[in-house]
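1. model the following, please.
(one chain, ligands or ions: 1)
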Amino acid sequence: MSNATAVKQETAVPGKVPMDELVALCKRRGFIFQASEIYDGINGFWDYGPLGTALKNNLRDRWWQDMVIAPPIGPDGRPVQIVGVDSAIIQNPRAWEASGHVDTFSDPMVDCKKTKLRYRQDHLVAVIDERNNQIFAFYEGSLEDTPVLKKLKKMAGTDELSKLKTAPFTEIDVSAYTNVIGPDSDEKGTLTEPRQFNLMFESHAGPIKDEKNKVYLRPETAQGIFLNYKNIVDNMRVRVPFGIAQIGKAFRNEVTPRNFIFRSREFEQMEMEWFCHPDEAQKWRDFWVEARMDWWKSVGVSGDHLQLRDHDKDELSHYAKDGVGTVDIEYKFPFTWPGFGELEGIAHRCDYDLKQHEKHSGKKLEYFDDITKERYIPHVIEPASGLTRGVMTLLAEAYTPDETRPSKMFMKFKPSMAPIKAAILPLTNKDGLPDIAEKLYMAVRGKFMTQLDTKGNIGKRYARNDEIGTPFCITVDNDTLNDQTVTIRDRDTMTQERVALDKVAEYVSKAIED
Ligand code: GAP
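-> This is a model prediction of the structure:
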């Protein structure tokens, strides 16, 4: 138990991104909308607008490029071998029995008998008032909110919250639940004992809705890879060690979808299963941890905001118990600040999945090494990241307050990740400037994502482009008529440079490559 989080700072934390402003910006500028918004939304589901789609596709394409098209150089100085798949979202339900998801993919839930609200036990934090053994349960992170703190002060009858202790709610013995006041309650003893709740969405394949036709939406892309392992080994001339990569949607009926797109019920994953000899698992785990950390930095995430965290023994998943351990790459999200939250996990899945599928399907999934004549089930190292959680990371990382700008902030995406690379802005609607801008647009539009932005005063157009993180604003002005040059404004420094019209494509192409 610690005193550490009983009292959170109520003042703004330097460097921390204001989540409400980021979410409002995402809607206003077409990054992310609430799904079914005109019907008041649906909890845990999000739609990506034009800019969000472009940002997500940039991150996705970069992952595919760096995993499948040009995978990293291995410890022997040669590129490692990784092939891609795109498997079905719905598979034979026996696959989910084999993988352990039917039996064990669940979260511990507590219900409030009074409010009928349901909470994930491991997402609650207990604030303990030892003067009278009263315990208040709150969502982790919610103690950052002034109204929640006010409520706590009122209920505890003191302003001196540092005297209260905090602990993960999982450490509270169920016999003490009679002293607990739930997050939305004002009465003691209304929370039930924790119960397990399976996270897989169910549906039925075919016209008859019975147990026989029950199917699941995949909760991870990984199993689609294991299901294709035999086909790949038999047909694709791969040799251990090799990887199979997949990007796609995954679905989890999360009990408490939270923090914008960080934890949603429909999301996208980028996963790679790396099949290696059991004796080499440790070596490859270390290799992939380093490679993946470098990759997140390469898409513009500052190393200061990333950390590696080894899973504790009691956190390990059912498949990782005997392995060399799971390491998470964590990011300092605005809602975990100054703490970190998971962005990607690099797990040692041992031979768990292949052995389980071998047992349940009755098909041999051994690998035969025709050089050493050894027969074995490979071990698996799995770098598993969230594409949509990666988008959340890039959005938070890009948000840069700047009081000197009309927009008071700008989105400092790495140019290669920015949804729009360049905006072409005729200064006025006179003197043929729009025609020159249109001509320039037609010349560059196939080379990088460009917008022709003709309406509004120039200051407003700069501000809009700052808000969406366009690295370059190209302005056609009256000097262009005389000297065939334009100004190129750099988003980050706001400096302007004159560049010849026929050199614009080259200038921007060079500046956005990395
Ligand atoms: N195949 C292993 C696996 O799925 P995981 O840690 O459960 O492992 C991998 O998920 C990554 O998927 C996480 O690190 C996170 O980035 C992302 N992820 C998991 N659940 C998510 C959710 N509900 N919403 C958004 N992203 C999620």
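
2. low-scoring stretches of the stretch 301-450 of the chain, by residue?
-> By pLDDT under 70, the weakly predicted segments of the stretch 301-450 of the chain are 316-323.

3. where exactly do the helices run in it?
-> Under the criterion DSSP state H, counting those that start in this stretch, the stretch 301-450 of the chain carries helices at the ranges 352-361, 387-398, 433-444.

4. using CSV, write out the CA atom coordinates for the first one.
-> I take that to be helix 352-361. Extracted C-alpha coordinates of helix 352-361, given in CSV (Å, rounded to 0.1, in the frame of the first residue of the first chain):
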residue,chain,number,x,y,z
TYR,A,352,1.5,-22.9,-26.0
ASP,A,353,-0.6,-21.9,-29.1
LEU,A,354,0.8,-24.4,-31.6
LYS,A,355,0.6,-27.2,-29.0
GLN,A,356,-3.0,-26.3,-28.1
HIS,A,357,-4.0,-26.2,-31.8
GLU,A,358,-2.2,-29.5,-32.4
LYS,A,359,-4.1,-31.1,-29.5
HIS,A,360,-7.5,-29.7,-30.4
SER,A,361,-7.3,-30.1,-34.2
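
5. can you offset everything so residue one is 353?
-> All set: I'll call the first residue 353, so the last point we hit is now helix 704-713.

6. is it in proximity to the ligand?
-> No - using C-beta under 6 Å from any ligand atom, helix 704-713 never reaches the ligand; the gap is at least 9.5 Å. The C-beta positions use only the backbone N, C-alpha and C, and glycine is treated the same way.

7. helices or strands up against that helix?
-> helix 445-451, helix 574-587, strand 731-738 (3 or more C-beta pairs under 8 Å, 6 or more residues apart in numbering; DSSP states H and E).

8. mean neighbour count and distance to the ligand for the ones you listed - can I get that in a markdown table?
-> Below are those laid out as a markdown table (neighbours: other C-beta atoms under 10 Å; distance: least, C-beta to the nearest ligand atom, whole Å):
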| stretch | mean neighbour count | distance to the ligand |
| --- | --- | --- |
| helix 445-451 | 19 | 10 |
| helix 574-587 | 19 | 4 |
| strand 731-738 | 25 | 3 |
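
9. so for Val653, which of these sits nearest?
-> strand 731-738 (11.7 Å; C-beta to C-beta).

10. what does that closest one rub up against?
-> With C-beta atoms under 8 Å, 6 or more residues apart in numbering as the test, strand 731-738 has contacts from 415, 572, 574, 619-630, 632-633, 636-637, 640, 643-644, 675, 681, 695-706.

11. so what strands line up beside that strand?
-> strand 618-628 (antiparallel), strand 693-702 (antiparallel) (DSSP bridges).

12. any chance of the ones you listed in JSON lines, with mean neighbour count and distance to the ligand too?
-> Output for those, formatted as JSON lines (neighbours: other C-beta under 10 Å; distance: least, C-beta to the nearest ligand atom, whole Å):
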{"stretch": "strand 618-628", "mean neighbour count": "24", "distance to the ligand": "4"}
{"stretch": "strand 693-702", "mean neighbour count": "23", "distance to the ligand": "4"}
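
13. tell me which of those sits nearest to Asn605.
-> Closest among these, once you apply C-beta to C-beta, is strand 618-628, at 10.1 Å.

14. next, the angle from that closest one to helix 739-750.
-> Calculated by axes from the mean of the first three to the mean of the last three C-alpha atoms, to 10 degrees, strand 618-628 forms an angle of 100 degrees with helix 739-750.

15. do you know how far Leu407 is from Lys862?
-> 22 Å (C-beta to C-beta, to the nearest Å).

16. got it, and His709?
-> 48 Å.

17. these two - which one has more neighbours?
-> Shown here are His709 and Lys862; by other C-beta atoms under 10 Å, His709 has more neighbours (21 against 8).

18. how about stretch 649-666 against the ligand, any contact?
-> No - between stretch 649-666 and the ligand, judged by C-beta under 6 Å from any ligand atom, nothing touches; the nearest distance is 10.1 Å.

19. now do the buried residues in that stretch.
-> Neighbour-count burial for stretch 649-666, counted by 16 or more other C-beta atoms under 10 Å, picks out 651-653, 657-658, 663.

20. just to revisit the earlier point, just the helices of the stretch 653-802 of the chain: most buried one?
-> Ranked by mean neighbour count, these are led by helix 739-750 with a mean of 24 (mean count of other C-beta atoms under 10 Å).

21. report all helices and strands that it contacts.
-> When contacts are defined as 3+ C-beta pairs under 8 Å, 6+ apart, helix 739-750 packs onto helix 371-380, helix 402-416, strand 618-628, strand 693-702.

22. tell me the mean pLDDT over the next helix or strand after the longest one?
-> If I follow you right, that is helix 402-416. Going down the chain from helix 402-416, the next helix or strand is strand 434-436, by DSSP states H and E. For strand 434-436, mean pLDDT rounds to 98.

23. so which elements touch strand 434-436?
-> Using 3+ C-beta pairs under 8 Å, 6+ apart, strand 434-436 sits against strand 594-603.

24. so where do the strands sit in the stretch 753-866 of the chain?
-> With DSSP state E, counting those that start in this stretch, the ranges of strands along the stretch 753-866 of the chain come out as 761-763, 774-778, 802-804, 824-828, 837-842, 848-852.

25. the second one vs strand 824-828, what angle?
-> Computed with the same axes, to 10 degrees, the direction of strand 774-778 lies at 20 degrees from that of strand 824-828.

26. and the strands of the stretch 753-866 of the chain: which comes nearest the ligand?
-> strand 761-763 (21.1 Å; C-beta to the nearest ligand atom).
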